[in-house]
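# Here is the input, now give the coordinates:
(2 chains)
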There are 2 protein chains.
Amino acid sequence: VTNQAGSSPNHRNSAPAAEGAFLFDRVAVVGAGLIGGSVGMALRARRLAREVVAAARSEETIELALARGAADRATRDVTEAVAGADLVVLAAPISLIIEHLGIAAGVVDADCIITDVGSVKGPIVAAAEQALPHPERFVGGHPLAGSERRGIAAARPNLLQGATWVITPTAVTDAEVLERIEDLVARLGARSLLLSPQEHDELVARTSHLPHVAAAALVNVVAECTRQRADTMDVVGRGFRDTTRIAGGDASLWADIALANADALLASLFEMNASLGRFADALRRRDRETLERLLADAQRAKEAL
Amino acid sequence: VTNQAGSSPNHRNSAPAAEGAFLFDRVAVVGAGLIGGSVGMALRARRLAREVVAAARSEETIELALARGAADRATRDVTEAVAGADLVVLAAPISLIIEHLGIAAGVVDADCIITDVGSVKGPIVAAAEQALPHPERFVGGHPLAGSERRGIAAARPNLLQGATWVITPTAVTDAEVLERIEDLVARLGARSLLLSPQEHDELVARTSHLPHVAAAALVNVVAECTRQRADTMDVVGRGFRDTTRIAGGDASLWADIALANADALLASLFEMNASLGRFADALRRRDRETLERLLADAQRAKEAL
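Next comes the predicted model:
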């Protein structure tokens, strides 16, 4: 793959040298961040598409996406990127995915398959099934390959290798569309996990969004407590640092995610409150047996997970 | 250092080859676990004591402590271990430290200095000042060098190198005793941090005990949610695993710690509840600005810590 930007109106990488049995002809990846960039790189490296077209918001990202081999062609114009594609992968942050769905709805061919990689599925799937003229050709997805590192600079062709990729078909989804997305996921080296959008959102609320909020809440408690004396920060050990590592994530991105999954996250916060309450009750009663059982439950579950 | 067990009644390592300006003549380390074993190893490796005597509960630990160079001599008899020592380091789990204080009170010489390495200080310092005939020669300590790994097998001579070692003198503590313990900590390669027992306990409640309980509470929430479908465990990502790593710790040990620091931990659980409540309120009101501010506060504090 030659990685040189070409002439206007689009920047280009040179076309693949050999043609094969491509899974898709033209894939548009809208959003060239960590996931979108890595999907583009993997599609090209594994020769799963004849052409990968990336859409990104800045010239800088476009140049980097091309330089890093995440696309054959890149543009700032979403309409242009998705026109003529037989697969569109929406890979921008959640609120933009919904905006891009609206754009794609007016441009894509009738047989184009559309999927996304957003980390909350309910609102995106609902928007897709409302906005698209052919909602049966949309299926939501969420590859679990996030990182504190973001953007095209962190993308790599094997990011999705071995990852779990949740796919969220509904009663509306065409069976062949689902099959083709499952095939794509497998060919990208990831493992499909089929869940309903609601199952997905309830699950990630607890396994991802709640841990993030809990870590942030914990950091805020400790920040308050160590504010008085700077030297007490030395008491903060590795346990605390690991427990709160994810609290270092981008606040704006996480606010988007939390709001998009507000109901499931609120329910999980309620459960967390109840779970903490069981520890507090046992402590208040100096009930060693219950306390040890709660800790042993967690220890066993931790080993199983 | 030759590492061979000797004849009864005590097992022995051979004496150090050369005598120097030892900081202490005979140090008794009561409890040969991760911390006690590492203190013994460091005392010997750095030639800070003419003789290190370890007390441990099992023959197996005694043999391993000697084989690993954590003591010159080892015994199951605490009375025998502390007799004639000019420094006693109590390094067993919290409840045993208090028991060992009672034993030491009746045996040690009037000028013997006593310290401990327990992770909660209030109850230990109170017990020491009540039980010991010379409470002015006791000062509590807590080297922050814990690990999920426990026991003499995990001990190493440089475990305390660079660690923060909290020392908790009170109005009763003799100034020279404090100075000698500070000197010892420095010679072991650790950094002293002087706090009152209460300051220490309130701080570790938030930086160590609360994170542990929060991680366990979070694991219990997720265990409940993934119990129905085993395949959903694949959704659990690295963020969750890091956040809950410490929940894998020994349940019995942590129940002891939590109960010994129950009041401060309960207060911190109350703060955690309030901190989580601020996120829940913002989510309920779909208040993006507050949500992002709470997350950004945590992000900034995380960077500072």
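# Can you say which helix or strand has residue A:114 in it?
strand A:113-116 (DSSP states H and E).
# on contacts alone, who are the packing partners of that strand?
Contact here means 3 or more CB pairs under 8 Å, 6 or more residues apart in numbering or on different chains; DSSP states H and E; on that basis strand A:113-116 packs against strand A:87-90, helix A:94-105, helix A:122-131, strand A:138-143, helix A:175-187. The way it works is simple: take the backbone N, C-alpha and C, and place the C-beta from them, glycine included.
# got those as TSV, with distance to residue A:268 columns?
Compiled in TSV, the helices and strands packed on strand A:113-116 are given as follows (distance: least, CB to CB, whole Å):
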stretch	distance to residue A:268
strand A:87-90	26
helix A:94-105	18
helix A:122-131	14
strand A:138-143	17
helix A:175-187	26
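# So what's the gap between the strand holding residue A:114 and the chain middle?
14 Å (CA atoms, centre = their mean, to the nearest Å).
# for stretch A:95-103, same thing?
15 Å.
# tell me the mean pLDDT for that stretch?
Mean per-residue pLDDT for stretch A:95-103: 95.
# quick one: that stretch near chain B?
No: in terms of CB under 8 Å from any CB of the partner chain, no part of stretch A:95-103 sits within range of chain B; the closest distance is 10.4 Å.
# Just want the angle from the helix or strand where residue A:211 lies to helix B:210-226.
Assigned by DSSP H and E, residue A:211 belongs to helix A:210-226. Orientation check (axes from the mean of the first three to the mean of the last three CA atoms, to 10 degrees): helix A:210-226 against helix B:210-226 gives 170 degrees.
# counting contacts, what elements does helix A:210-226 pack onto?
Counting contacts by 3+ CB pairs under 8 Å, 6+ apart, helix A:210-226 is packed against helix A:238-243, helix A:251-260, helix A:262-284, helix B:197-204, helix B:210-226, helix B:238-243, helix B:262-284, helix B:288-304.
# Nearest to residue A:63 among those helices would be which one?
The closest of those to residue A:63 is helix A:251-260. By CB to CB, the value is 22.8 Å.
# Please point out which parts of the closest one sit buried.
Buried positions in helix A:251-260, judged by neighbour count with 16 or more other CB atoms under 10 Å in any protein chain shown: A:251, A:253-260.
# Off-centre distance for that helix?
In terms of CA atoms, centre = their mean, the centre of helix A:251-260 is set 12 Å apart from its chain centre.
# could you say what helices and strands that helix packs with?
The contact analysis (3+ CB pairs under 8 Å, 6+ apart) places helix A:251-260 against helix A:94-105, helix A:122-131, helix A:210-226, helix B:262-284, helix B:288-304.
# Please work out how many residues are found near residue A:162.
Neighbour count of residue A:162, defined by other CB atoms under 10 Å in any protein chain shown: 10.
# Of all the helices and strands packed on helix A:251-260, which one is nearest residue A:140?
Nearest to residue A:140, of all the helices and strands packed on helix A:251-260, is helix A:122-131, at 4.6 Å by CB to CB.
# Any idea which helix or strand in chain A has the lowest mean pLDDT?
Least confident helix or strand, chain A: strand A:11-12 with a mean of 64, by mean pLDDT, DSSP states H and E.
# ok, and what's touching the helix or strand following that one?
Remark: after strand A:11-12, the chain's next helix or strand is strand A:24-30, criterion DSSP H and E. The set of residues that contact strand A:24-30 without belonging to it, under CB atoms under 8 Å, 6 or more residues apart in numbering or on different chains, is A:36-37, A:39-40, A:43, A:48-55, A:70-71, A:78, A:81-82, A:84-92, A:100, A:104, A:184.
# where in the stretch 51-200 of chain A is pLDDT low?
Low-confidence segments of the stretch 51-200 of chain A, defined by pLDDT under 70: A:147-148.
# Close to chain B: what parts of it are there?
Applying CB under 8 Å from any CB, we find that the stretch 51-200 of chain A lies next to chain B at A:144, A:146, A:164, A:166, A:191, A:193, A:195, A:199.
# Report the contact partners of the first one.
The reference is to residue A:144. Shown in contact with residue A:144 (CB under 8 Å, 6+ apart): A:163-166, B:234-235, B:237.
# What of the last one?
Listed by CB under 8 Å, 6+ apart, the contact set of residue A:199 reads A:168, B:232.
# Then the third one?
When the contact criterion is CB under 8 Å, 6+ apart, the partners of residue A:164 are A:143-144, A:190-191, A:193, B:234-235.
# which residues does whichever residue of the stretch 51-200 of chain A sits closest to chain B form a beta bridge with?
Going by CB to the nearest CB, chain B is nearest to residue A:164 of the stretch 51-200 of chain A, at 4.1 Å. In this structure, residue A:164 bridges to residue A:191 when assessed by DSSP bridges.
# Which PyMOL command selects the buried ones in the contacts of strand A:24-30?
Selection of buried members from the contacts of strand A:24-30 for PyMOL, criterion 16+ other CB under 10 Å:
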select buried, chain A and resi 36+37+39+40+43+48+49+50+51+52+53+54+55+70+71+78+81+82+85+86+87+88+89+90+91+92+100+104+184
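# confidence score at residue A:244?
The predicted local confidence for residue A:244 comes out at a pLDDT of 88.
# Hmm, it is touching residue B:214, no?
No: proximity of residue A:244 to residue B:214 does not meet the contact threshold set by CB atoms under 8 Å, at 9.6 Å.
# overlap in contacts of these two?
Both residue A:244 and residue B:214 are contacted by residue A:218, under the criterion CB under 8 Å, 6+ apart.
# Comparing these two, which shows the higher neighbour count?
Neighbours per residue (other CB under 10 Å) separate residue A:244 from residue B:214, with residue B:214 holding more: 30 against 27.
# Could I get the pLDDT score of that one?
Turning to residue B:214, the model gives it a pLDDT of 96.
# check contacts around it.
Contact criterion CB under 8 Å, 6+ apart gives A:214, A:218, A:243, A:276, B:272 as the residues in contact with residue B:214.
# if we go to 7 Å?
For residue B:214, the contacting residues are A:214, A:218, A:276, B:272, by CB atoms under 7 Å, 6 or more residues apart in numbering or on different chains.
# Could I get those residues in CSV, plus columns for distance to residue A:23?
Putting the contacts of residue B:214 into CSV (distance: CB to CB, whole Å) gives the following:
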residue, distance to residue A:23
A:214, 40
A:218, 44
A:276, 47
B:272, 48
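# Taking the residues you listed together, which two end up most distant?
Between all members of those, the longest pairwise span (CB to CB) is found for A:218 and A:276 and amounts to 11.1 Å.
# hey, what's in contact with both of these two?
Overlap between the contact sets of residue A:218 and residue A:276, as judged by CB under 7 Å, 6+ apart, is given by B:214, B:272.
# Residue A:234 - nearest residue in space that isn't next to it in sequence?
Closest residue to residue A:234 apart from its sequence neighbours, by CB to CB, 6 or more residues apart in numbering or on different chains: residue B:164 at 4.2 Å.
# now swap in residue A:247 and tell me
Setting aside the residues directly before and after it, residue A:247 is nearest to residue A:215 in space (CB to CB, 6+ apart), at 4.0 Å.
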